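>>> have a look at this fold, sequence not included:
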């Protein structure tokens, strides 16, 4: 029973059915079903190599992944038929596990370009640099961050933790409807982890859903998910409430892998 | 990387031909042709002698084949060395320039009509072998600044030309410089007097129009003590199936405390996808920081030409003088570039900075070749070099040949180099934030070139950014 959400009624924001995905000829996802409703926070857990990041990447439209079968509806539209930028403009955001560096382009210029691409899509006027700075100031204030990263080139020379924080900063500015966090907690020390978690909690609202992909339970000490899924060998083998995460922390993943498929 | 390389470049934007009646001398090169060119320019005897001396040297020289480029043999007897649009007999003012020429330059974004001129920029417009218009000459004269076609300078400012011509690039410097010295037709001459800061940007636009011709322009810029000048150069040519030769020479002389900033946007026709046609751009550019505390700064954005062979350099003779070289070179389709700089440190505490950005796409081959030479007397000299290459796709190439020759142990040298590849992951990252793939590539490339673009005068920076977008359009899918 995937996607046990708060409100069972109404159409899901994201509905994935029987999704099978291959990369470089290897089938990684072998039939994933998932439904996320507005405002819900789902955690996708599982051992290494289970296909968690593949799910995140394929939902965002990475060209290296081939969809073999299945569907993904987002806001009732065929998500898999949309280009990556169309998905982004429709409100799908991926916080990358390995954010890339863009030399010579400041974070501020990059974010403004991205925001304006989204605003164009929504028929809103583009922000000039001055308007953008004001907008940014508000957003930073809301999450309690300063602007020290804004004038540095995108991710260039950033520590691992700074790169992850930068992803969350972009999330805060771009205000997506569906935010996918791909192992945002990996490589973070405990203080950075708390900061990121607090920010995510502040950004939670009834119009924004989260899919948090993580290997460890520790991020979920600070962000309480509505639903926890366990992905193993390309399939969701168990879904449950926040208590499932605790159980995984205590027992590991092996009992799920070896045992009967429970769902 | 299947989607990268999926597209091809958009057509060359400046490839049109102006239908104008031209006077073209028959192909071939001999002393009579040189006498004819000299006569057409109304040159004094000393100039003709200098040309003939260069020609006789050239006959004994052979074409250099050390650059990392490949091309078939050039038949120097098949080229016409002089082509000029037929003009009405007398030109008293710019308003009498043939409307077809006015229209041509307007199409190229270089308005030469009085009322449409670019503000803040004086332009010398060169069409094939002749300068057809030079704007703001009178205004500049008020400051004592001479800005005119070099053929006019040879007639009217012979003392200055005779004093400096060939002092930086001698007539026998290399094969193409010798050829240029023998047959050069037009180009610009600039003299900025002592202590004057030139009030306008000076600019020359070179247009090749006639077929089967070569363009051999020569530019000479002299900045007298304590003066300052910024000069911009642009160029383009029609699309033709044959290769055309462009062999220019540029000489810069900066006297004590003078500064010359020389910027180029090179957009000669690059040839088609298969490498058919395109300009052979074999150019010698060199500046001499003759006086103490002088400075010469080269900035180039090379997007055009089938083959580029050029090494704008600085001879840092004056103590504390500064040489700079900022370059972006793009090779796409089957373009080949072998470009870089030479920094020759002679004076004490001389400093040089080299920032080179090579971008290769399609089957383009891009070579950085640079020489930094610190001579015995150059105590305390410093050089910083940075060579970055970016590859788009997997059929192109980037090569780096930095030569360093240090003969004084007090010199400080730094060299950094990097090679990166625009990858699917970088583009995907930007697309995931809502940018189209074209905008993503443009952002990545512009970021890569930023250190060079910021050296360009504002009008050119915008043009360069746009041009780069066009030359790489479609090379990433």
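Received, thanks. Note that the coordinates shown come from a computational prediction; the quantities given were computed from them, not determined experimentally.
>>> get me the contact residues on the stretch 151-263 of chain A for chain B.
With C-beta under 8 Å from any C-beta of the partner chain as the criterion, the stretch 151-263 of chain A meets chain B at residues A:153, A:170, A:174. (Glycine included, C-beta is placed from N, CA and C.)
>>> for residue A:200, what are its contacts?
The contact partners of residue A:200, taken as C-beta atoms under 8 Å, 6 or more residues apart in numbering or on different chains, are A:168, A:171, A:181, A:210, A:212, A:223.
>>> try it again with 7 Å
Shown in contact with residue A:200 (C-beta atoms under 7 Å, 6 or more residues apart in numbering or on different chains): A:168, A:210, A:223.
>>> near residue B:76, how many other residues are there?
16 (other C-beta atoms under 10 Å in any protein chain shown).
>>> I'd say residue A:94 and residue A:182 touch.
Yes: using C-beta atoms under 7 Å, residue A:94 is in contact with residue A:182, at 6.3 Å.
>>> quickly list what's touching both of these two.
The contact lists of residue A:94 and residue A:182 share residue A:56, where a contact means C-beta under 7 Å, 6+ apart.
>>> between the two, who's got more neighbours?
A direct count of neighbours by other C-beta under 10 Å for residue A:94 and residue A:182 places residue A:94 higher, at 28 against 25.
>>> and the closest residue to the more buried one other than its chain neighbours, how close does it get to residue A:219?
In space, and not counting its chain neighbours, residue A:94 is closest to residue A:60: 4.0 Å by C-beta to C-beta, 6 or more residues apart in numbering or on different chains. Distance, residue A:60 to residue A:219, using C-beta to C-beta, to the nearest Å: 20 Å.
>>> can you check the pLDDT for residue A:157?
Residue A:157 is assigned a pLDDT of 89 by the prediction.
>>> which strand is the longest one in chain B?
strand B:278-289 (DSSP state E).
>>> quick one: list the elements packing against whatever helix or strand comes next after that one.
Sequence-wise, the next helix or strand downstream of strand B:278-289 (DSSP states H and E) is strand B:295-302. Applying 3 or more C-beta pairs under 7 Å, 6 or more residues apart in numbering or on different chains; DSSP states H and E, one finds that strand B:295-302 makes contact with strand B:249-254, strand B:259-266, strand B:278-289, strand B:322-331, strand B:336-345.
>>> ok, the spatially most central residue of chain A - contacts?
For chain A, residue A:180 is the residue whose C-alpha lies nearest the centre (C-alpha atoms, centre = their mean; 1.0 Å). With contact set as C-beta under 7 Å, 6+ apart, residue A:180 has these partners: A:56, A:59, A:60, A:93, A:94, A:95, A:211.
>>> which residues pair with it across the strands?
Under DSSP bridges, the beta-bridge partners of residue A:180 are residue A:94, residue A:211.
>>> same deal with residue A:69?
Here residue A:69, judged by DSSP bridges, has bridge partners residue A:20.
>>> point out where chain A drops to low pLDDT.
In the predicted model of chain A, residues A:1-10, A:257-263 satisfy pLDDT under 70.
>>> now the stretch 351-477 of chain B
B:459, B:469-477.
>>> ok, 80 please
For the stretch 351-477 of chain B, applying pLDDT under 80 flags the ranges B:423, B:458-477.
>>> the strands in it, which residues?
B:351-360, B:365-374, B:382-391, B:397-406, B:412-421 (DSSP state E, counting those that start in this stretch).
>>> let's have the ones you listed in TSV, adding mean neighbour count.
What follows is the strands of the stretch 351-477 of chain B, written out as TSV (neighbours: other C-beta atoms under 10 Å in any protein chain shown):
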stretch	mean neighbour count
strand B:351-360	25
strand B:365-374	24
strand B:382-391	21
strand B:397-406	16
strand B:412-421	13
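>>> measure the residue nearest to residue A:94 to residue A:72 for me?
Counting by C-beta to C-beta - residue A:60 and residue A:72 are separated by 11 Å.
>>> so where do the strands sit in the stretch 151-300 of chain B?
Using DSSP E, counting those that start in this stretch, the strands of the stretch 151-300 of chain B run over B:188-192, B:201-207, B:218-223, B:228-236, B:243-246, B:249-254, B:259-266, B:278-289, B:295-302.
>>> could I get these as TSV with mean pLDDT?
Putting those into TSV (pLDDT from 0 to 100) gives the following:
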stretch	mean pLDDT
strand B:188-192	96
strand B:201-207	87
strand B:218-223	97
strand B:228-236	89
strand B:243-246	88
strand B:249-254	98
strand B:259-266	93
strand B:278-289	94
strand B:295-302	94
